[in-house]
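**Q** just need the structure, nothing else, for what follows:
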Amino acid sequence: METFRRFTKPVSYVVTAGMLALSLHLPVASATMVGTEAVVYAAQIQQQRSRIHEALSRQEVTGKLVSLGVDPAQVQARVDALTDDEAQRLAESLDKMPAGGDVVGALVLIFIVLLVTDLLGLTHMFPFTNKGSARP
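**A** Below you'll find the model as predicted:
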């Protein structure tokens, strides 16, 4: 019992100091209101990306991409990697095309987007572009 009393006081100091140290650093939660515009913009971008994916998943488009030597899975990954502005421009250009008609126009647009990303060095998909730093 004597040994227990001798260790009680120092242990209580250590426990008290530990509790104080743990309670000093409390992260502050910063919650702000999310504006309606931000929610609507995010929903629009998501809808535009899904429209692009739907256009790319059509049988004619995937067949043409395969005939050009482009892997459709890579195209889907690149569409996912597009910025919001690029996705918006691509979706707007798809909206301007006639319904169900101009598959070639969509393919040309997708080819241009892929070519630009290749020339900027973000990817290396086409062997005829020797520019860029990304290599397979």
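
**Q** which stretches of this protein have low pLDDT?
**A** Within the chain, the segments meeting pLDDT under 70 span 26, 97-104, 130-136.

**Q** after the longest helix along it comes which helix or strand?
**A** Assignment by DSSP state H gives helix 2-24 as the longest helix of the chain. Going down the chain from helix 2-24, the next helix or strand is helix 36-56, by DSSP states H and E.

**Q** packing partners of that next one?
**A** On a contact count with 3 or more Cβ pairs under 8 Å, 6 or more residues apart in numbering; DSSP states H and E, helix 36-56 meets helix 59-67, helix 72-81, helix 84-96. The C-beta positions use only the backbone N, C-alpha and C, and glycine is treated the same way.

**Q** can you list these in TSV and add distance to residue 53 and mean neighbour count?
**A** Below are the helices and strands packed on helix 36-56 laid out as TSV (distance: least, Cβ to Cβ, whole Å; neighbours: other Cβ atoms under 10 Å):
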stretch	distance to residue 53	mean neighbour count
helix 59-67	11	14
helix 72-81	6	14
helix 84-96	10	15
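
**Q** chain center to the longest helix of the chain, what's the gap?
**A** Its chain's average C-alpha position is 49 Å from that of helix 2-24, according to Cα atoms, centre = their mean, to the nearest Å.

**Q** ok, residues contacting that helix?
**A** Outside helix 2-24, no residue is within contact range by Cβ atoms under 8 Å, 6 or more residues apart in numbering.

**Q** among the helices and strands packed on helix 36-56, which is nearest residue 48?
**A** If you check each of the helices and strands packed on helix 36-56 against residue 48 by Cβ to Cβ, helix 84-96 wins as the nearest, at 3.6 Å.

**Q** tell me what that closest one is packed against?
**A** Applying 3+ Cβ pairs under 8 Å, 6+ apart, we find helix 84-96 packed against helix 36-56, helix 103-119.

**Q** pull out the buried residues from the shortest one.
**A** Right, the one you point to is helix 103-119. 103, 106, 107, 109, 110, 111, 113, 114, 117, 118 (16 or more other Cβ atoms under 10 Å).

**Q** excluding its backbone neighbours, what's nearest the second one?
**A** Spelled out, it's residue 106. residue 55 (5.9 Å; Cβ to Cβ, 6 or more residues apart in numbering).
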